[in-house]
Structure formats: C-alpha cells, structure tokens
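Kindly generate the corresponding structure for this input.
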Amino acid sequence: MPSLNPTTIWIIALIVFLFIEIVTTGTLVSIWFCAGAFAAWLAALAGISFAVQSIIFVAVSVILLIALKPFVNRHIHKHIVSTNADAVIGTHGIVTEEINNIAETGAVKADGKLWTARSVSEDVIIPEGSEVNILKIEGVKLIVSKI
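Coordinates of the predicted model:
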C-alpha cells in the first residue's frame, strides 16, 4: 500500500472538514479545523516536517476556535428572539400572592400570565401588590426582587 505524502493528507483533511461544515448548515462546527488543515498544508508545501505540520494544525485550529467562537456565536445567534418564558426576564411583574420562600408561597402576574414566584433573597417576604423585577426562571418559578 503506497503511503500518502503530507500535502495529500492535509488536502484530504481540508476536504473532510469542509464537507462536515457544509452538511452542518447554520452552525460553524469544523471551519476552525479547515483553517488548521490549510495552514498545515502550506507548511507541507514549504517542506516543514510532518511533526511540525501537525503542531501547526492543532495550534491554528485551537487558537481560532478559542478566539473566534464567542464572537461568531454573538453575531450568528443575535437574531434569536426570546419566546414565551424567556421574554419575561428583565421585566416587571405585580405580586398577586405574598412571596414567602420559607412557606413556599408566592405568585406574580407578568406579561398577562400568572407565575409561581420566589424571592431571590431567602429571608425577604414580598407582600401582595408589590412590584418586582423578574431576574430569572428556575424550572417553572420566577425568581424576583422587590423594586
């Protein structure tokens, strides 16, 4: 069986990673490895040893992944609109049943819907009629703080 030369190995790797990227539309999965394979292919053309080519492949791939993935995620997913439950986070609600974490009671009306609610502070009781900030959702309960 004939052995493959390094330039062929990196071209095959580049094609495989490009194929993976194409079939996983909408998300950047292997683009980082495409760039790493391309850089390693350039190193192979320059006559650098296969061990160094492999190091270049890993280094370029990891550096691009770490440096660019958060940036890409922010810009690709920025069009996602909060729906249903997530939409109430950061808004205000009115307490319809006293919020008492110890007694495990409390309800808030927010966005026209009634939610079970708990205070972000364990020892704070929020009376009925109070306005609250909705901080987050845990399970099916709103976690709130009194305004």
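
drop to CA atoms for contacts and neighbour counts, all remaining ones
OK.

counting contacts, what elements does the worst-scoring helix or strand of the chain on mean pLDDT pack onto?
The helix or strand of the chain with the poorest confidence is helix 50-76; it has a mean of 89 (mean pLDDT, DSSP states H and E). Judged by 3 or more Cα pairs under 8 Å, 6 or more residues apart in numbering; DSSP states H and E, helix 50-76 is in contact with helix 31-45.

Mind listing what's buried along the helix it packs on?
By neighbour count on 16 or more other Cα atoms under 10 Å, the buried set for helix 31-45 is 31-44.

Give me the residues contacting it.
With contact meaning Cα atoms under 8 Å, 6 or more residues apart in numbering, helix 31-45 is reached by 6-7, 10-11, 13-15, 17-18, 21, 50, 53-54, 56-62, 64-65.

Show me which of these are buried.
6-7, 10-11, 13-14, 17-18, 21, 50, 53-54, 56-61, 65.

and whatever helix or strand residue 7 lives in, what does it pack onto?
If you go by DSSP states H and E, residue 7 is part of helix 6-23. Packed against helix 6-23 by the contact rule (3+ Cα pairs under 8 Å, 6+ apart) you find helix 31-45.

pLDDT of the helix it packs on, averaged?
For helix 31-45, mean pLDDT rounds to 96.

That one to helix 6-23, inter-axis angle?
160 degrees (axes from the mean of the first three to the mean of the last three Cα atoms, to 10 degrees).

From the chain's centroid, how far away is helix 31-45?
26 Å (Cα atoms, centre = their mean, to the nearest Å).

try stretch 42-61
Worked out by Cα atoms, centre = their mean, stretch 42-61 lies 31 Å from the chain centre.

Now do that stretch: distance from first to last residue.
14 Å (Cα to Cα, to the nearest Å).

before we move on, what about stretch 134-147?
First-to-last residue span, stretch 134-147, Cα to Cα: 10 Å.

The chain should start at 10 in everything you say after this.
Yep, numbering from 10; the last one is stretch 143-156 now.

which other residues reach that stretch?
94-95, 97-102, 117, 124-130, 135, 139-142.
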